[in-house]
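Undergrad: Sequence plus the predicted model coming up.
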Amino acid sequence: MLGILFNDKECKELDYVLRKELDEMLLDLNDSRLDGDIKQAIARRYKIIFRMYARIASPKELSRYALNARTYR
């Protein structure tokens, strides 16, 4: 297990970066031009980034990025 200490400014920056990454992946997952294999790879990455974001976000903010697990398999 690794641990990192962030000051308030760094925590806000991490929050911003993770939210933007999640937003971009949501756009990609809703893009009809992408095939299933690519969407599955994006969905796997989305889960990792979502878990990282879950460590610093409030439940209200987190609910915005919760996916239906069956949607992108």
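TA: It's in.
Undergrad: Just list what the helix ranked longest in the chain packs against, helices and strands only.
TA: Secondary structure assigned by DSSP state H gives helix 8-29 as the longest helix of the chain. Applying 3 or more C-beta pairs under 8 Å, 6 or more residues apart in numbering; DSSP states H and E, one finds that helix 8-29 contacts helix 36-54. (Each C-beta comes from the backbone N, C-alpha and C, glycine too.)
Undergrad: buried ones in the helix it packs on?
TA: Neighbour counts using 16 or more other C-beta atoms under 10 Å place Lys39, Ile42, Ala43, Tyr46, Ile49, Phe50, Tyr53 of helix 36-54 among the buried residues.
Undergrad: Make TSV from those residues and add pLDDT and distance to Asp23 to it.
TA: Formatted as TSV, the buried residues of helix 36-54 follow (pLDDT from 0 to 100; distance: C-beta to C-beta, whole Å):
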residue	pLDDT	distance to Asp23
Lys39	94	16
Ile42	95	13
Ala43	94	15
Tyr46	95	11
Ile49	96	11
Phe50	95	12
Tyr53	95	11
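Undergrad: Format those residues as CSV; extra columns: distance to Ile4.
TA: Below are those laid out as CSV (distance: C-beta to C-beta, whole Å):
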residue, distance to Ile4
Lys39, 31
Ile42, 26
Ala43, 26
Tyr46, 22
Ile49, 16
Phe50, 18
Tyr53, 15
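Undergrad: Return the closest of these with respect to Leu26.
TA: Here the nearest of those to Leu26, counting by C-beta to C-beta, is Tyr46; it sits at 7.8 Å.
Undergrad: show me the contacts for the closest one.
TA: Neighbour list for Tyr46: Leu22, Met25, Leu26, Leu29, Leu67, Tyr72 [criterion: C-beta atoms under 8 Å, 6 or more residues apart in numbering].
Undergrad: Tell me which of the residues you listed has the lowest pLDDT.
TA: Among those, Tyr72 carries the lowest pLDDT, at 55.
Undergrad: Show me the shaky parts of this structure.
TA: For the chain, the stretches with pLDDT under 70 are 68-73.
Undergrad: hmm, which of the contacts of Tyr46 are the buried ones?
TA: The neighbour-count criterion (16+ other C-beta under 10 Å) marks Leu22, Met25, Leu26, Leu29, Tyr72 among the contacts of Tyr46 as buried.
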